[in-house]
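Asks: sequence? don't have it. structure:
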């Protein structure tokens, strides 16, 4: 099976990608030398599909388990849920000798990972991501966070998982829209590190219109592993985002986060605002970083093939999106740091972007692509 | 001024101890190369005495500041307070470029340190402890935590401060009882690492009966620094409590925590339960580790000189204290690990203590010392 290793010194770990990996979870966890009680954290949606299978796989490998189910959705990424969850873990006997298994999408991964990082001042955790977004992006790299009233992801930690187990077959129970928004992060990886992957993503996009075919499913593990490898190399270079390298992963995210904050919750998915943010970032890359119109079009056509939005929905005020962008955490000490592409695969960080540039980019998003 | 350095690789830092250090806070922070906005976190009691002085000292050194005041008392060590505090910090403009100054006792240090460890996934913080307990113990070593309904200090982090500034003059505004309970941790340090210090603590105890004299105040910085050095060497050996060394600091704390949990909140201070716990631990040390009765008496007489309790208060049920001890986090996987003394300055970890031993020790605490 494809395995990607993150080399982070004593925090190194493997990411295993294989169709059917979920049923081998216990073995894989055992091989990573985790001992003690396995507390599975999942949500009300995922538990119905995969809760018992994960539990069974762990118990067959000799682990005692408990199942901790939070409400599906972003509202569970809160300190109140962390408190409830940590108290449940204590009652289930999870002390420093136990570990957490995060089974679900990005919300579950962030919440369970953060809880693991502070429970008894830090216990190990395993990521078992069940959405494309989580499989190719959020489950790898050790960033965890929850939301506070002042904003999203404002409290969190760097806490690397001990192991990541990716089973692409878990994607088959997802709605098509969630598949497509997850693939926006694949497009981002292609744009900053692997332009050739745009072709493979477009090919997959055509197939997924009809639901997963056998051929799609067969190709998924390699494609997902390729994305994880891109993220892994970036994280290895800049684990705690102290250099510019990890910031490259924010391509399309700066205005994307601003738009996300300006839109009523749930109207646009994360990958959808990243799609909008990438269109804006491509425009600014052509203007300031010398990106060719042809390269820009190559990315845009992939987003189109995935039916991802490139135009702001009716009723979204660009002024609000701008204001939210300017208060976002990515703006340190009032300075706008923006990820641009000089060419496909060649991201740079620019300090040249002005507020007028952002306004112009947001205006562009009101026009058809 | 006495300075103790903790050598922890890239997380190394200095602890400065000096009468009047509070007014030099800005300079000291500046010398530690901290930049950006200084968010002072303190409580409703400490702010009245030292809030403005700390603020002024920082502003004179060129820092912008904000003051964040939580309710005095243990109930502020909660995730709800963390959420409020983090949101306030965001409003005050504290992003990754700012830092926190924890001004107060153990509660403020734990709360502010934990918040610093997760705000924007971790920002620097400075400890300015204003109680003996915090000055000789909790402000040094990087353990932070808050309470959850399931128990005390069950979520937290290892997050070393960037700098610790100790001004013994801040102790002059404390009630005598709070001075004395803080000195229980000095007795603990003496017991596990520096028996000769028992003499100095007894000498100080006699003086503090009458309030602080000039002579007391002059000797405090050296005595406090000596305690910090003991803790520093232990933390350097075992920063994250993965070996047995850091556990030595739990001498007197195992049954102490159990008693603390069995007593109505506020009836006994932390140092007071540690005093009880040390009496029990001395008894078990004589029984199992060969500690001489003479050595035991040397520690007990120091606790007596400090008027610290050696007998369980009326109405405290030893059975409840036992039950709370057995559910305490120090018991990993059901095994009782207990810190005993073979001799003064020679702690060991024992796995031999049975539940009957704990019962016997708790029964002892019902009899006069």
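Replies: Structure received. Computed from a predicted structure; not experimentally measured. Numbers count the residues shown, from 1 in each chain, chains lettered A, B, ... in the order given.
Asks: where does the stretch 101-250 of chain A dip in pLDDT?
Replies: A:209-210 (pLDDT under 70).
Asks: Residue numbers of it in contact with chain B?
Replies: A:114-115, A:117-122, A:143, A:145, A:148-151, A:154-158, A:240 (C-beta under 8 Å from any C-beta of the partner chain). C-beta here means a position set from N, CA and C on the backbone, and glycine is covered the same way.
Asks: Separate out the buried members of the residues you listed.
Replies: For those, a neighbour count by 16 or more other C-beta atoms under 10 Å in any protein chain shown gives the buried set as A:114-115, A:117-122, A:143, A:145, A:148, A:150-151, A:154-158.
Asks: Please narrow those to those residing in strands.
Replies: A:143, A:145, A:148, A:151, A:154-158 (DSSP state E).
Asks: Wasn't residue A:80 part of a helix?
Replies: Yes - counting by DSSP: H, G, I helix; E, B strand; the rest coil, residue A:80 is found in a helix.
Asks: tally of neighbours for it?
Replies: 13 (other C-beta atoms under 10 Å in any protein chain shown).
Asks: Distance of the closest residue to residue A:92 other than its chain neighbours relative to residue B:37?
Replies: Leaving aside its sequence neighbours, residue A:92 sits nearest to residue A:66 (C-beta to C-beta, 6 or more residues apart in numbering or on different chains; 4.0 Å). Applying C-beta to C-beta, to the nearest Å, the value for residue A:66 to residue B:37 is 43 Å.
Asks: Kindly report the same for residue A:284.
Replies: Applying C-beta to C-beta to residue A:284 and residue B:37 gives a distance of 30 Å.
Asks: And those two? Which one has more around it.
Replies: Counted by other C-beta under 10 Å, residue A:284 and residue B:37 do not tie: residue A:284 has more neighbours, with 24 against 19.
Asks: got a pLDDT number for the more buried one?
Replies: Note on residue A:284: pLDDT of 97.
Asks: Make sure it is indeed in a strand.
Replies: No - under the criterion used here (three-state DSSP), residue A:284 is helix, not part of a strand.
Asks: The stretch 251-369 of chain A: strands as residue ranges?
Replies: A:338-343, A:346-350 (DSSP state E, counting those that start in this stretch).
Asks: How is chain A divided into domains?
Replies: A:3-172, A:176-364 (automatic domain parsing).
Asks: and among those, the most buried is which?
Replies: Among the domains of chain A, domain A:3-172 has the highest mean neighbour count (mean count of other C-beta atoms under 10 Å in any protein chain shown), at a mean of 21.
Asks: and that domain, how far apart are its ends?
Replies: 21 Å (C-alpha to C-alpha, to the nearest Å).
Asks: related to what we said a few turns ago, do you know which of the domains of chain A lies nearest residue B:271?
Replies: domain A:3-172 (22.4 Å; C-beta to C-beta).
Asks: So which residue is smack in the middle of chain A?
Replies: residue A:138 (3.1 Å; C-alpha atoms, centre = their mean).
Asks: Residue A:111 is in contact with that one, correct?
Replies: No - counting by C-beta atoms under 8 Å, residue A:138 stays clear of residue A:111, with 11.3 Å between them.
Asks: dump the residue contacts of residue A:124.
Replies: Counting by C-beta atoms under 8 Å, 6 or more residues apart in numbering or on different chains, residue A:124 touches A:34, A:99-100, A:116, A:161-162.
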